[in-house]
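dropping a prediction and its sequence here:
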Amino acid sequence: MNTPLEDGGITRPVTVSCCQTVAKKTIVQPFFDARGRLQIERRGLPRELGSTLATDAYHFMRTATWTRIVVLFAGLFVVLNLVFGLLFWATGSIASASGFLDHFWFSVQTLATVGYGGMTPTSSVANVLVTVESFLGIGYTALATGVVFARFATPSARVIFSTVAVIHDVEGKRTLSFRMANARATAIVEATVKMYLSRTETQANGEQFRHIHDLELRRSVSPIFALSWTAFHVLDESSPLHGLTPDNVTDGSFNIIVTFQGIDDRLASTVHTRWAYNPEDLVFEKQFSDIIKMDTKRNIRYLDFTQFHATEPVRTRPIERTKHG
């Protein structure tokens, strides 16, 4: 049974597996999903502040799905032609047009500024309607073109994040690490990654707050991000995650949020993305499998994305090999 918390979270039972030991845990419903999108419902927000077509048209059309955008403009196109088709039909002043369907097609030709010439207005009222519809058609085309261009012109980073973060000893220090890779062939220069801990904490008076803590990375900037990048955070005494173990990982409500930003060297524009790790995404005593491999037949190195999310037990003995990057 789900149990509500004071901060809006919900506890739910899960099974956590670590080092061949399986234990039943109760974790809190995450505030964010893996892509960093908020999972908490918004209730009681005044309607005028909501992101809807009527109250926030620009933001709505920039963020709505392509399906909704296509349906929106197609529906608007049909509605405009139905309205003007009825008006033309009511005037009865369109030459060579008979019945509502002909007037509807005449409206389509007018709105799209096609003008085949087979049907023409024969009265002042019809010409006024043609003028108004032509003006609306120009605005409709400009609006649709602007929205489509703005959505296509917005740069985005195609960065892959590992589905889990691993915790194990690295050079004698307890370390949390996650992996990223650039899915595009172009490089990202001055790539910057930051990591934060978002955690529900109880004050001395019993009140709960959501606090944000910086998690320092061993290296947060890469001059050229073209292949893969493993980020490390040492869980020492200064880390808010110090003392994290498989036994207490699900005791609190927290998320590890990762933000990424850089400059696409082909587009010369800033790209950014984000990711989030919840308690159940942390794997202990594992390390990421090697993804840089050698094609012996062609004698070239390659990045094996099929193993990008794979983990394996921590090696007790280091494998002798040449390290790259």
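Good, I have the coordinates.

please count neighbours and contacts with C-alpha atoms only from this point.
Fine.

name the element residue 232 belongs to?
Per DSSP states H and E, residue 232 falls inside strand 228-234.

quick one: mean pLDDT for that strand?
Across strand 228-234, the average pLDDT comes to 94.

please apply the same query to stretch 123-136.
Taken as a whole, stretch 123-136 carries a mean pLDDT of 94.

do the same with stretch 167-185
Mean predicted confidence for stretch 167-185 is 93.

cool, stretch 250-270 as well?
88.

any buried residues in the strand holding residue 232, and which?
Residues of strand 228-234 classed as buried by neighbour count (16 or more other C-alpha atoms under 10 Å): 228, 231, 232, 233, 234.

what of stretch 277-292?
Judged by neighbour count (16+ other C-alpha under 10 Å), stretch 277-292 contains these buried residues: 277-288, 291-292.

stretch 191-209 too?
So stretch 191-209, judged by 16+ other C-alpha under 10 Å, has buried residues 191, 192, 193, 194, 195, 196, 197, 198, 199, 200, 201.

how far off centre is the helix or strand following the strand holding residue 232?
Moving toward the C-terminus from strand 228-234, the next helix or strand (DSSP H and E) is strand 254-264. Taking C-alpha atoms, centre = their mean, to the nearest Å, the mean C-alpha location of strand 254-264 is offset from the chain mean by 11 Å.

residues of the next helix or strand after strand 254-264 that come out buried?
Going down the chain from strand 254-264, the next helix or strand is strand 269-277, by DSSP H and E. Going by neighbour count (16+ other C-alpha under 10 Å), the buried part of strand 269-277 is 270, 271, 272, 273, 274, 275, 276, 277.

give the pairing partners of the helix or strand following strand 269-277; include direction for each.
Next along the chain after strand 269-277, taking DSSP H and E as the criterion, comes strand 282-284. Strand 282-284 pairs in its sheet with strand 165-170 (parallel), by DSSP bridges.

for stretch 76-91, what is the distance to the chain centroid?
Its chain's C-alpha centre and that of stretch 76-91 lie 39 Å apart, by C-alpha atoms, centre = their mean.

nearest to residue 164, of the buried residues of strand 269-277?
residue 277 (7.1 Å; C-alpha to C-alpha).

what's the neighbour count on the nearest residue to that closest one once chain neighbours are set aside?
Excluding its sequence neighbours, the residue lying closest to residue 277 (C-alpha to C-alpha, 6 or more residues apart in numbering) is residue 256, at 5.0 Å. When neighbours are defined as other C-alpha atoms under 10 Å, residue 256 has 24 of them.

the protein: helices as residue ranges?
For the chain, the helices defined by DSSP state H occupy 57-63, 66-91, 99-111, 124-153.

want to throw those helices into a markdown table with mean neighbour count?
Output for the helices of the chain, formatted as a markdown table (neighbours: other C-alpha atoms under 10 Å):
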| stretch | mean neighbour count |
| --- | --- |
| helix 57-63 | 14 |
| helix 66-91 | 15 |
| helix 99-111 | 20 |
| helix 124-153 | 14 |
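
now render these as TSV, adding distance to residue 205.
Listed next are the helices of the chain as TSV, based on distance: least, C-alpha to C-alpha, whole Å:
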stretch	distance to residue 205
helix 57-63	40
helix 66-91	47
helix 99-111	65
helix 124-153	48
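
residues near residue 215, how many?
21.

begin at 361, not 1, for the rest of this chat.
In the new count, where the first residue is 361, that last one comes out as residue 575.

thinking again about what came up before, who's in contact with the residue nearest to residue 637?
Shown in contact with residue 616 (C-alpha atoms under 8 Å, 6 or more residues apart in numbering): 555, 556, 557, 558, 636, 637, 638.

so in terms of bridging, what pairs with it?
Here residue 616, judged by DSSP bridges, has bridge partners residue 557, residue 637.

nearest to residue 466 among the contacts of residue 616?
Nearest member of the contacts of residue 616 to residue 466, counting by C-alpha to C-alpha, is residue 636, at 53.6 Å.

surely the closest one and residue 618 touch.
Yes. Between residue 636 and residue 618 there is a contact under C-alpha atoms under 8 Å: 5.9 Å.

pLDDT weak spots in this protein?
Applying pLDDT under 70 to the chain picks out residues 361-405, 407-413, 612, 676-685.

nearest spatial neighbour of residue 574, chain-adjacent residues omitted?
Take residue 574 and drop its neighbours on the chain: the residue closest to it by C-alpha to C-alpha, 6+ apart is residue 556, 4.7 Å away.

measure residue 631 to residue 485 for me?
52 Å (C-alpha to C-alpha, to the nearest Å).

got it, and residue 497?
Counting by C-alpha to C-alpha, the gap from residue 497 to residue 485 is 18 Å.

give the contact list for residue 562.
Residue 562 touches 568, 569, counting by C-alpha under 8 Å, 6+ apart.

out of the buried residues of strand 629-637, who's nearest residue 599?
residue 637 (16.6 Å).

my read: the closest one touches residue 615, true?
Yes. Residue 637 lies in contact with residue 615 (C-alpha under 8 Å); the separation is 5.8 Å.

who does residue 624 bridge with?
Under the criterion used (DSSP bridges), residue 624 bridges to residue 548, residue 629.
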